[in-house]
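**Student:** Output the structure for:
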Amino acid sequence: MGRGQPQTAHLLRRGGFGASADDLRAFERFAPPAVVEYLLNVDRQPDDVDSKIGQSAYVSVTTRGQFSPNTNIEDARQRWLFRMVHSQRPLQEKMALFWHNHFATAYSKVAGTVGGIQGTKMLALVDGQLPGPRGQLELFRDMGLGSFRDLLIEVARDPAMLVWLDGRLNTRQRPQENFGREVMELFTFGIGNYVEQDVYAAARVFTGWNLRLVGGPDANVPTAYYEFVYNANQHDTTEKAFTFAVNPDGGKSIPARSAAEGMQDGIDFLTALAAHPETARRLARKLWNFFVSEVNPPDDDFIENAARIYLQYDTQIKPVLAYILRSPAFMDSANWYTRYSWPAEFAARAIKEVGWNGFSVDAARTALINMGQTLFEPPDVAGWSLGQEWFSSGAMLARMNFAATLAANQRFNLARDAAVAKSSVDDFVSYFIDRLTATDFDAPPYAALQAYVSAGGAWTGSATQLQAKAAGLTRLIVGSSEYQFI
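**Tutor:** Predicted coordinates:
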């Protein structure tokens with residue numbers, strides 16, 4: 001790669017959403033270990049990115065009246081895309097996206113139950129900007145690199161999750177099984193580690209973990225909000241027996257407790273799930289696929305080491321990520337470009353690498369629908385189908401169309417910047433391949449890019465040729481199969 005160190009570009013694609021030319025220049029003096037430290041230590045970087053929304057030096061948002069990401073889900077989607085492009089804490093945003101898929105919660109059901117304003121607040125409210133608990137996305141930002149146990153407990157109390165998996169309806173007369181099942185099947189140790197008896201016991205553990213409306217009776221106002229409430233009179237106080245250990249001493253039952261103390265049932269259960277060795281291994285595999293490779297499988301030692309670190313550090317995620325990002329496997333060039341980019345990753349990276357002056361993230365928000373990923377709208381509780389499943393013919397066409405829209409919008413800037421590489425067709429093509437950090441092109445597609453630039457007459461590097469070819473070449477590269485890997 002011509003832009004900075006290739007290891008740095010790799011780190012910023014995987015630990016963030018790619019890098020602009022300015023980003024890579026800023027990291028020129030950083031060795032890869034220092035880049036890893038930058039990514040991991042998010043609290044050392046300012047979190048003032050929201051204050052940049054609307055400023056001319058940054059990608060634009062499209063307003064429909066007042067921009068209100070706390071109460072309008074379309075504005076919330078724009079805000080998140082803006083943060084993906086410009087946050088100085090890229091790993092924080094990357095992990096928020098990871099957890100958003102892991103704890104998949106869809107706006108459509110939440111809003112269909114509590115209304116659009118409350119649905120948006122439940123998913124995206126920034127703490128303190130309106131009355132009510134922080135939105136689920138903010139929970140992922142705040143806790144995504146911390147204790148998985150603590151995150152799991154907060155997710156169980158999260159208003160959006162209580163609507164999504166019907167915890168708000170969980171009473172001792174009618175235990176609701178949805179969350180109890182999914183917390184085992186999808187959120188922790190997975191299928192094969194529990195039986196139906198455990199699902200029913202888990203449902204009873206969470207009886208009384210409900211919601212209440214504050215500031216009502218009209219929920220359709222920004223000042224009203226829903227919050228978690230433990231209804232002691234709705235808790236099943238009897239013993240809950242499981243087929244796996246739920247106590248530190250290896251015991252397989254949660255004892256009978258008084259209603260007043262019954263909330264501890266859920267905390268004990270979630271603590272046991274978070275600390276289970278199979279949960280550690282399952283998270284290690286998911287993090288391998290997310291950060292290292294979806295093409296090359298991990299060896300057993302990698303998974304066991306990551307799981308050991310997770311348990312050794314009391315379910316903390318940051319030490320696991322430190323192990324992954326510093327590992328030889330992560331830095332092995334054989335694992336570069338072996339992850340299929342999610343649509344949101346693709347769009348944010350393209351904006352960072354192509355440019356954004358005069359471009360609105362709203363164009364990406366709309367395009368993401370056709371690519372198969374609407375933020376805050378996973379298809380079901382299992383999240384999106386990943387890997388090659390992103391690439392239907394229609395979804396790939398949507399990526400190519402987005403590349404064309406972005407490149408056309410940035411055509412004058414692209415032509416101006418490419419003047420440094422105007423001396424030959426090969427220099428011109430190489431400049432854009434390096435700028436856009438695509439994986440290596442084989443000889444036939446590389447020759448096709450050269451042929452595109454050469455078409456229409458002998459190359460002289462004139463201003464007219466730069467204007468005619470820069471955007472088109474960008475469109476071809478960003479829309480190519482080589483660009484869809486990170």
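
**Student:** which stretches of the stretch 201-350 of the chain form strands?
**Tutor:** Secondary structure of the stretch 201-350 of the chain (DSSP state E, counting those that start in this stretch): strands at 209-214, 225-230, 240-241, 253-254.

**Student:** May I see these organised as TSV, with distance to Ala329 and mean neighbour count added?
**Tutor:** To be clear about C-beta, it is placed using only N, CA and C from the backbone, and glycine gets the same treatment. Below are the strands of the stretch 201-350 of the chain laid out as TSV (distance: least, CB to CB, whole Å; neighbours: other CB atoms under 10 Å):
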stretch	distance to Ala329	mean neighbour count
strand 209-214	40	18
strand 225-230	40	19
strand 240-241	41	18
strand 253-254	39	18
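
**Student:** Tell me which of the ones you listed approaches Leu397 most closely.
**Tutor:** Evaluated with CB to CB, these place strand 225-230 nearest to Leu397, the distance being 39.9 Å.

**Student:** From the contact counts, what lies against that closest one?
**Tutor:** On a contact count with 3 or more CB pairs under 8 Å, 6 or more residues apart in numbering; DSSP states H and E, strand 225-230 meets helix 116-124, helix 159-164, strand 209-214.

**Student:** who touches the second one?
**Tutor:** What it means is helix 159-164. 103, 105-106, 109-110, 113-114, 119, 122-123, 133, 135-136, 155, 167-168, 179, 209-211, 226-228, 381 (CB atoms under 8 Å, 6 or more residues apart in numbering).

**Student:** Rounded mean pLDDT for that helix, please.
**Tutor:** The average pLDDT within helix 159-164 is 98.

**Student:** C-terminal to that helix, which secondary structure element comes first?
**Tutor:** In the C-terminal direction, the helix or strand that comes right after helix 159-164 (DSSP states H and E) is helix 178-185.

**Student:** And the first one, by the same measure?
**Tutor:** In the C-terminal direction, the helix or strand that comes right after helix 116-124 (DSSP H and E) is helix 136-143.

**Student:** Any buried residues in that following helix, and which?
**Tutor:** Neighbour counts over helix 136-143 (16 or more other CB atoms under 10 Å) mark 136-141, 143 as buried.

**Student:** Likewise for stretch 111-124?
**Tutor:** 111, 113-115, 117-124.

**Student:** and the buried residues of helix 136-143 as a markdown table, adding pLDDT and distance to Pro298?
**Tutor:** Shown next, in a markdown table, are the buried residues of helix 136-143 (pLDDT from 0 to 100; distance: CB to CB, whole Å):
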| residue | pLDDT | distance to Pro298 |
| --- | --- | --- |
| Gln136 | 98 | 29 |
| Leu137 | 98 | 29 |
| Glu138 | 98 | 31 |
| Leu139 | 98 | 28 |
| Phe140 | 98 | 24 |
| Arg141 | 98 | 27 |
| Met143 | 98 | 25 |
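
**Student:** Can you tell me which of those is nearest Arg285?
**Tutor:** Nearest member of those to Arg285, counting by CB to CB, is Phe140, at 19.7 Å.

**Student:** Surely Met371 and Ser392 touch.
**Tutor:** No. Counting by CB atoms under 8 Å, Met371 sits too far from Ser392 to count as a contact (9.5 Å).

**Student:** Pick out whichever of those two has more residues nearby.
**Tutor:** Looking at Met371 and Ser392 with other CB atoms under 10 Å, you find the greater number of neighbours at Met371, namely 25 against 12.

**Student:** just to revisit the earlier point, CSV for the strands of the stretch 201-350 of the chain, including mean pLDDT and distance to Ala350?
**Tutor:** As requested, these are exported to CSV (pLDDT from 0 to 100; distance: least, CB to CB, whole Å):
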stretch, mean pLDDT, distance to Ala350
strand 209-214, 98, 39
strand 225-230, 98, 36
strand 240-241, 98, 50
strand 253-254, 98, 49
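
**Student:** Let's have the ones you listed in a markdown table, adding distance to Gly457.
**Tutor:** Below are these laid out as a markdown table (distance: least, CB to CB, whole Å):
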| stretch | distance to Gly457 |
| --- | --- |
| strand 209-214 | 68 |
| strand 225-230 | 64 |
| strand 240-241 | 78 |
| strand 253-254 | 78 |
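
**Student:** so which of those comes closest to Pro90?
**Tutor:** Using CB to CB, those put strand 225-230 closest to Pro90, at 30.3 Å.

**Student:** Show me what that closest one is in contact with.
**Tutor:** 114, 118, 121-122, 130-133, 157-159, 162-163, 208-215, 219, 262-263.

**Student:** do that again at 6 Å, thanks
**Tutor:** 131-133, 157, 159, 208, 210-214, 263 (CB atoms under 6 Å, 6 or more residues apart in numbering).

**Student:** tilt between it and strand 209-214?
**Tutor:** 140 degrees (axes from the mean of the first three to the mean of the last three CA atoms, to 10 degrees).

**Student:** Partner strands of strand 225-230 and their direction?
**Tutor:** Counting by DSSP bridges, the strands paired with strand 225-230 are strand 209-214 (antiparallel).

**Student:** hey, C-alpha coordinates of the strand it pairs with in PDB?
**Tutor:** The C-alpha trace of strand 209-214 is given here as PDB (Å, rounded to 0.1, in the frame of the first residue of the first chain):
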ATOM      1  CA  TRP A 209     -38.400  -7.900  35.400                       C
ATOM      2  CA  ASN A 210     -40.900  -5.500  33.700                       C
ATOM      3  CA  LEU A 211     -41.300  -1.900  32.500                       C
ATOM      4  CA  ARG A 212     -43.200   1.100  33.700                       C
ATOM      5  CA  LEU A 213     -44.000   4.400  32.000                       C
ATOM      6  CA  VAL A 214     -42.900   7.600  33.700                       C
END
